[in-house]
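what shape does this take:
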Amino acid sequence: MSQDAVTGPNAQVRDVYDRLGSLLDRGDEVFIEEGPGLLQAAIAEPGFFDGVEPAPADSDHYTREKVAGAPGGHVIRFMEWPPGYSLVPHEHHGRPCFEVLVDGLLHVVDMTAEQVDEEHYTLSILDCDVTEPGEAAVVDPRENDIHAVYSPVRSCSLHVYPDDRSFAYGYELDEDASDETDLYRRERFELHDG
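As a prediction, this is how the structure comes out:
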């Protein structure tokens, strides 16, 4: 990918973006095995955050500020999460992604869905990771395609996606469906930008 096609605030960010693209060229597995470590090392270097900051989040929405990306390519986004915010269980089109926490604390809950009828699913928790600053959380669709995010305190994280999309599929609780079992509907939802 040519450097001219990449947007980014500084040369360090553009270099990391290009290196992540080279990993993606080798496949999703390489991307999620080597990408988090690459980003963790990069953000520890002086100057990486020059011109990089998240859009401030209000009390009821997270923000997603594009840090680097090219049309039709992968993207690095800086996200800010308000305290006490929960993002519904969701999936990213069967593709992997990862985040590195910059500040705060995030809980990433991995889940699996089982379809119970034409429009309903049940969700089961597979695992929950508490991510602290400098740590990475990986979403690998071979293992944990569905995940929810909870931020107990105001938090900032860098997320890397293999393709830049404005929507995902979430699982919304259908409060009218059952009194005994939580049933969810899988619905498309728009992701908030900046």
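
nearest residue to the middle of the protein?
Taking Cα atoms, centre = their mean, the centroid of the chain lies closest to residue 159, which sits 4.9 Å from it.

now for it: which residues touch it?
64, 76-79, 97-99 (Cβ atoms under 8 Å, 6 or more residues apart in numbering). Every C-beta, even on glycine, is put in place using the N, C-alpha and C of the backbone.

all helices for the chain, in order.
Remark: helices assigned in the chain by DSSP state H are 11-25, 28-43.

out of these, nearest to residue 69?
Nearest to residue 69 among the helices of the chain is helix 11-25 (7.4 Å), distances taken as Cβ to Cβ.

can I get the closest one in CSV, CA atoms only?
C-alpha atoms of helix 11-25 as CSV (Å, rounded to 0.1, in the frame of the first residue of the first chain):
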residue,chain,number,x,y,z
ALA,A,11,5.2,9.1,10.6
GLN,A,12,5.2,6.6,13.5
VAL,A,13,1.5,6.0,13.2
ARG,A,14,1.7,5.6,9.4
ASP,A,15,4.6,3.2,9.8
VAL,A,16,2.6,1.0,12.3
TYR,A,17,-0.4,1.2,10.0
ASP,A,18,1.7,-0.1,7.1
ARG,A,19,3.3,-2.8,9.2
LEU,A,20,-0.2,-3.9,10.3
GLY,A,21,-1.2,-4.0,6.6
SER,A,22,1.8,-6.3,5.9
LEU,A,23,0.6,-8.6,8.7
LEU,A,24,-2.9,-8.7,7.2
ASP,A,25,-1.4,-9.6,3.8
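
any low-confidence regions in this structure?
Scanning the chain for pLDDT under 70 picks out 1-6, 179, 192-194.

can you map out the strands along it?
Using DSSP state E, the strands found in the chain span residues 63-69, 75-81, 85-91, 97-103, 106-115, 121-131, 136-139, 146-151, 155-161, 167-173, 184-190.

ok, residue 53 touching residue 78?
Yes: using Cβ atoms under 8 Å, residue 53 makes contact with residue 78 at a distance of 6.8 Å.

what sits in contact with each of the two?
Among the neighbours of residue 53, those also in contact with residue 78 (Cβ under 8 Å, 6+ apart) are residue 65.

the more surrounded of the two?
Set residue 53 next to residue 78 and count neighbours by other Cβ atoms under 10 Å: residue 78 wins out with 21 against 14.

state the distance from that one to residue 13.
Separation of residue 78 from residue 13 (Cβ to Cβ, to the nearest Å): 10 Å.

neighbours of residue 111, just the number please.
When neighbours are defined as other Cβ under 10 Å, residue 111 has 22 of them.

one more: residue 126?
Neighbours of residue 126 (other Cβ under 10 Å): 13.

equivalent analysis for residue 182, please.
Residues contacting residue 182 under the criterion other Cβ under 10 Å number 14.
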